[in-house]
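A.B. asks: Here is my input, please return the structure:
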Amino acid sequence: MSSNNTQIYTNRSNGKQHGDVFTSPTIVRYMLDLVGYTSDIDLRSVHILEPSCGDGAFVIEIARRLIQSANTFNFNASEAFRSNVRAYDIDADKIALCKKRIADLGINNAEQSIIHADFLQTEIAPTDIVVGNPPYIRYENIPAEMLAFCKTYFSTFHYRCDLYVPFYEKTLASLKHGGKHCFICSNRWFKNEYGKKLRQLIATQYTLKKIIDIEQADAFQEEVLAYPAITFMSKEKTQQTTFEYAECTEVELLSTIATKKCKMPLDSDWTTVFASELNPAFQTIEQQGFKIGIGVATGADSIFVSSELPQMIEEELILPSINARDLRGNRLNWKGEYLFNPYNQDGTLVDLSQYPRAKSYLESHRTQLSSRHVARKSPSKWYKTIDRINPSLVSQPKILLPDISGNTYIFVDDGGFYPLHNIYYITGRSAVQLRLLAALLMSDFTRNQLASVTNKMNGGFSRWQSQHLRKLRLPALNTLSSEDVQDILLSYERKEIASINSTLQKYI
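C.D. replies: Okay, the predicted model is just below:
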């Protein structure tokens, strides 16, 4: 986006500016239908707002529908547009183009309705309808002054927030009682930490009516990685206990797509909203006696992790380590890397005077190690890692789950490696029971649950993170018959997910 041709949010890799993602006309028409802004009704008194109009995808269609309504119900379209339509954008060039396009349709003297301004910093009037596609600006691309403004004036601007979140807050607040709100926007706020306060706001003060997830469809006029969804809600609190939800792969099917009923969210946690009802007898992973952990963060992997460590430091201070890169293509292919462990069994740092090779190695990297935050907090412990290392973890059987992975197979390490920070792991019970749990985690039943509680990443992969793993609910392993256990374990070794699905179906 830009103002007077001065770049505010810099450019994307394709040369266009951050925030500039324009909506498909099919999506525009669908959303205006959804909020009831249709030409077959009298629109002369309906106030409608578009907070980030770009070159006019929404506001042009609004003008067309208003003109058609005026012809049917005999009112002046230009007067109605000037009185009731407001569209904003921070880019002066796009505002100029938008005004020209409105004039070309026959709407006269509408300049005051198409406004060159920073919407978030502009006073706006109450409205009946909000519709649009707010800008997508990641936290790291928001200028310092705007960050400070958002933190001061928007209660939902939380954690590493995207700029579209305050756009939601301000436009929702602008609605009259019973007003309707429909955005096409990234779906990341449904489950991410930064969307927590926005979810709380909507759950407690508004009524969610429909969500259509279209991240697999071509929703925009260019190919972008935006994970979009259409959200439709109203400014009222009703006794409604469900909302409609659907996933759409083709925008042309939007108007006919079947939706399912989902539970209305009641607070900031929406992770179970999109999930199907589960058997109340199902248990979490931890309820079944397992423990969930994450691999060690060192703060300097280039120093603490290397295949050359055996030649550089004492053998008793190194542990074979495993990285997400070693678990690709459903194969475990260890690259021979080791983790330098600077701790004694009791968790204290080793005395480097007793390990001359390790001392020499660390001293050669002292400047870099001392500059880390963890070292600045404790200068005398300049060679400590961010996380403490527990050498006994190497010998424990454990399930290995790369944070983001395209694998369909889930590995069990029988006791050979120390996981690094991009791997989550599960320990506890026996190696056989870990394999049984791994098989259940490979099933479509579990993968669908995971997809309902976490955002999909590029490539359609869900993230194996501890916060999401703890929310999964599975049949208790001790309720599976011995015959089914053997079938599942055999299917696991053969990597036959269809067979695991078939056996598991008896219990779900």
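A.B. asks: What strands flank the lengthiest strand in the chain, and is each parallel or antiparallel?
C.D. replies: When the chain is scanned for its longest strand (criterion: DSSP state E), the result is strand 175-186. Here strand 175-186 is paired, per DSSP bridges, with strand 127-132 (parallel), strand 228-234 (antiparallel).
A.B. asks: hey, where'd the helices end up in the stretch 251-400 of the chain?
C.D. replies: Secondary structure of the stretch 251-400 of the chain (DSSP state H, counting those that start in this stretch): helices located at 301-304, 356-363, 366-370, 373-377.
A.B. asks: what angle do the longest helix seen in the chain and strand 175-186 make?
C.D. replies: Using DSSP state H to define each element, the chain has its longest helix at helix 57-73. Relative orientation of helix 57-73 versus strand 175-186 (axes from the mean of the first three to the mean of the last three CA atoms, to 10 degrees): 130 degrees.
A.B. asks: which other helices and strands contact helix 57-73?
C.D. replies: In terms of contacts (3 or more CB pairs under 8 Å, 6 or more residues apart in numbering; DSSP states H and E), helix 57-73 is packed against helix 25-34, strand 48-50, helix 77-84, strand 85-89, helix 92-104, strand 127-132. C-beta here means a position set from N, CA and C on the backbone, and glycine is covered the same way.
A.B. asks: Most tightly packed of those?
C.D. replies: Compared across those, strand 48-50 shows the largest average neighbour count, a mean of 27 (mean count of other CB atoms under 10 Å).
A.B. asks: how far does it sit from the chain's center?
C.D. replies: Distance of strand 48-50 from the chain centroid (CA atoms, centre = their mean, to the nearest Å) equals 27 Å.
A.B. asks: Over to stretch 209-219?
C.D. replies: Centroid displacement of stretch 209-219 relative to its chain, using CA atoms, centre = their mean, is 14 Å.
A.B. asks: Name the residues that touch it?
C.D. replies: With contact meaning CB atoms under 8 Å, 6 or more residues apart in numbering, stretch 209-219 is reached by 23-24, 27, 34, 184, 187, 190, 226-234, 243-251, 254, 257, 259, 262, 456, 460.
A.B. asks: same question for it, mean pLDDT?
C.D. replies: The pLDDT scores in stretch 209-219 average 84.
A.B. asks: May I see the buried residues of that stretch?
C.D. replies: 209-215, 217-219 (16 or more other CB atoms under 10 Å).
A.B. asks: what's the answer for stretch 190-199, then?
C.D. replies: Buried residues in stretch 190-199, counted by 16+ other CB under 10 Å: 190-192, 194-199.
A.B. asks: Which ones among those lie within helices?
C.D. replies: Under the assignment DSSP H, the buried residues of stretch 190-199 contribute 196-199 to helices.
A.B. asks: what would these look like in JSON lines with distance to residue 164 and pLDDT?
C.D. replies: JSON lines is the format used below for those (distance: CB to CB, whole Å; pLDDT from 0 to 100):
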{"residue": "196", "distance to residue 164": "15", "pLDDT": "95"}
{"residue": "197", "distance to residue 164": "14", "pLDDT": "97"}
{"residue": "198", "distance to residue 164": "9", "pLDDT": "98"}
{"residue": "199", "distance to residue 164": "14", "pLDDT": "97"}
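A.B. asks: Mind picking the one among these that's closest to residue 124?
C.D. replies: Nearest to residue 124, judged by CB to CB, of those is residue 198 at 18.7 Å.
A.B. asks: Would you enumerate the residues in contact with the closest residue to residue 170 other than its chain neighbours?
C.D. replies: Once flanking residues are discounted, residue 170 sits nearest to residue 120: 6.2 Å by CB to CB, 6 or more residues apart in numbering. Contacts here follow CB under 8 Å, 6+ apart; on that basis residue 120 touches 146, 149-150, 153-154, 166-167, 170.
A.B. asks: Type out the ChimeraX command that picks the buried ones from those.
C.D. replies: Of those, the buried ones can be selected in ChimeraX as follows, counting by 16+ other CB under 10 Å:
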select :146,149,150,154,166,167,170
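A.B. asks: export the contacts of residue 120 to a markdown table and tack on pLDDT and distance to residue 308?
C.D. replies: Formatted as a markdown table, those follow (pLDDT from 0 to 100; distance: CB to CB, whole Å):
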| residue | pLDDT | distance to residue 308 |
| --- | --- | --- |
| 146 | 97 | 46 |
| 149 | 97 | 49 |
| 150 | 97 | 46 |
| 153 | 97 | 53 |
| 154 | 98 | 50 |
| 166 | 98 | 49 |
| 167 | 98 | 50 |
| 170 | 98 | 55 |
